[in-house]
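Novice: Okay, sequence plus prediction incoming.
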Amino acid sequence: MADAEITAAGAGSRELTPEEMAAEAAKKKQRVQRLIALLKDSNLNFRWHAAEALGAEHDTDAVEPLIAALHDPYVDVQWLAAKSLGQIGDLRALEPLLAATTSEDKWLRAGAAWGLGKLRDSRAVDRLIILLKDKKTRVRKDAAWALGSIADERAVPGLTEALNDMDESVRDAARKALSDINIRRGQTNVSAGPKPA
């Protein structure tokens, strides 16, 4: 539903008045501020819930607190913060997400790859190509997806190599990423793999 519409029970939808729009915006700001405060709560469940929910709010006020949450002691919070940063789409998250791709924890590396794919900034391509060779399947799969989302042709050799990955989900993600890159190039005839020489 559009931001400027509201559904009354059984009455269909109508446009909000300027006053109603202002009230909705104020409610959203309050909700975002409460979620930001929960990122520092001592209860892990509150922190991960807040880290996840802030992405859906798409509010740039949450960017810096989510960047800080990348260093939460629990990876549950870290990887959800990485994904939410991608959902928000603010480029202040680029460098922190790039740094997170070097984490020892696979979940943070995977979340960072996913977040970088949502940011769609070509400065992430080189780091994501490296992640195509990560020891963890989930990280390789998310890196392939992210490269398809960014659709930078520099990723083609790495993605082509990933078509031979031992895991089917990685191969599928690489195939889809190559297709996405070809579509963005304006080509719709995509093969399932590299062309024979």
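Specialist: Thanks, I have the structure now.
Novice: Need the residues that contact the helix of greatest length in the chain.
Specialist: Using DSSP state H to define each element, the chain has its longest helix at helix 18-38. By CB atoms under 8 Å, 6 or more residues apart in numbering, the surrounding residues in contact with helix 18-38 are 3-4, 6, 16, 46-47, 49-50, 53-54, 57, 59, 61-62, 65. No exception for glycine: its C-beta is placed from N, CA and C like everyone else's.
Novice: So for it, mean pLDDT?
Specialist: Regarding helix 18-38, the rounded mean pLDDT is 94.
Novice: Could you tell me the phi and psi values at Arg14?
Specialist: Dihedral pair for Arg14: phi -150, psi 160, per degrees, to the nearest 10.
Novice: where along the chain do the helices fall?
Specialist: Using DSSP H, helices in the chain cover 18-38, 44-57, 63-69, 75-88, 94-100, 106-119, 125-131, 137-150, 156-162, 168-185.
Novice: List the residues that contact the residue most central in space within the chain.
Specialist: With distances taken as CA atoms, centre = their mean, Gly115 lies nearest the centre of the chain, 2.9 Å away. Gly115 is in contact with 82-87, 93, 97, 100, counting by CB under 8 Å, 6+ apart.
Novice: Quick check: pLDDT value at it.
Specialist: pLDDT at Gly115 comes out at 98.
Novice: Over to Ala4?
Specialist: At Ala4, pLDDT is 40.
Novice: Go ahead and confirm Trp145 touches Ala174.
Specialist: No: using CB atoms under 8 Å, Trp145 is not in contact with Ala174, being 9.1 Å away.
Novice: of these two, who's got more company?
Specialist: Each of Trp145 and Ala174 has its neighbours counted (other CB atoms under 10 Å); Ala174 has more, 28 against 23.
Novice: show me what contacts the more buried one?
Specialist: Contacts of Ala174 by CB under 8 Å, 6+ apart are 132, 144, 159-160, 162-163, 165.
Novice: Number of residues surrounding Pro73?
Specialist: For Pro73, the count of nearby residues is 8 (other CB under 10 Å).
Novice: meant to ask about Ser42
Specialist: Ser42: 6 neighbours (other CB under 10 Å).
Novice: Next, it: phi, psi?
Specialist: According to degrees, to the nearest 10, Ser42 has phi -70, psi -20.
Novice: for it, what are its contacts?
Specialist: Per CB under 8 Å, 6+ apart, neighbours of Ser42: none.
Novice: what's the spacing between it and Arg31?
Specialist: Remark: distance between Ser42 and Arg31 (CB to CB, to the nearest Å) = 21 Å.
Novice: In contact with the closest residue to Trp107 other than its chain neighbours, which residues are there?
Specialist: Once flanking residues are discounted, Trp107 sits nearest to Trp79: 4.3 Å by CB to CB, 6 or more residues apart in numbering. Going by CB under 8 Å, 6+ apart, Trp79 touches 105, 107-108, 110-112.
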